[in-house]
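> Provided below for reference: sequence and predicted model.
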Amino acid sequence: MDITALPFNQFIGVERATEEGRTLALPEGARYTNHLGTVHASALMSLAEASSGDALIRALGDLPIPIVPVVRRFECKFRKPARGRLTSSASLSYQVCSHLRQSIAAKGRATAEIAVDIHDEADTHVLSAVVEWFIAKH
């Protein structure tokens, strides 16, 4: 599955990041701004959620069984006002991946917390998030 192909992500313009070490991006645009002229909180959170889902897909996409992942909890800290194009980074460690695979195989379900960082066009760290996913066999 390509996370950028999901209808909501297409609607808001989520795209693959081209910067090294970054996963996804939101382009610069007035439609993403708030009353202060900075990037709206919901745009930042949407990119963080998509990035965590992308990390999960990259980690578990080759499982031999179908799974259904859903967001269970979302925590974030807005660090600085964001301006312009946004890029994200998110990944799971080998240990977390291994634990997820074992739990899904043994119990048919698992949870995973995925950390996400978002930077703006000036490479300012603008948001940190932890997205908890519940994953179950389909």
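Noted; the coordinates are in hand. Numbers count the residues shown, from 1 in each chain.
> Do a quick rundown of the helices in the protein.
7-12, 41-60, 94-107 (DSSP state H).
> Using CSV, write down the CA coordinates of the shortest one.
Put plainly, it is helix 7-12. Output of helix 7-12 as CSV, limited to C-alpha atoms (Å, rounded to 0.1, in the frame of the first residue of the first chain):
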residue,chain,number,x,y,z
PRO,A,7,-8.0,9.5,-0.6
PHE,A,8,-7.5,11.9,2.4
ASN,A,9,-3.7,12.1,1.9
GLN,A,10,-4.3,12.8,-1.8
PHE,A,11,-6.8,15.5,-0.8
ILE,A,12,-4.4,17.3,1.4
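> Flag every buried residue along it.
Within helix 7-12, the residues scored as buried using 16 or more other Cβ atoms under 10 Å are Asn9, Ile12. C-beta: built from backbone N, CA, C; applies to glycine.
> neighbours around Ile67, how many?
Look at Ile67: counted by other Cβ atoms under 10 Å, it has 18 neighbours.
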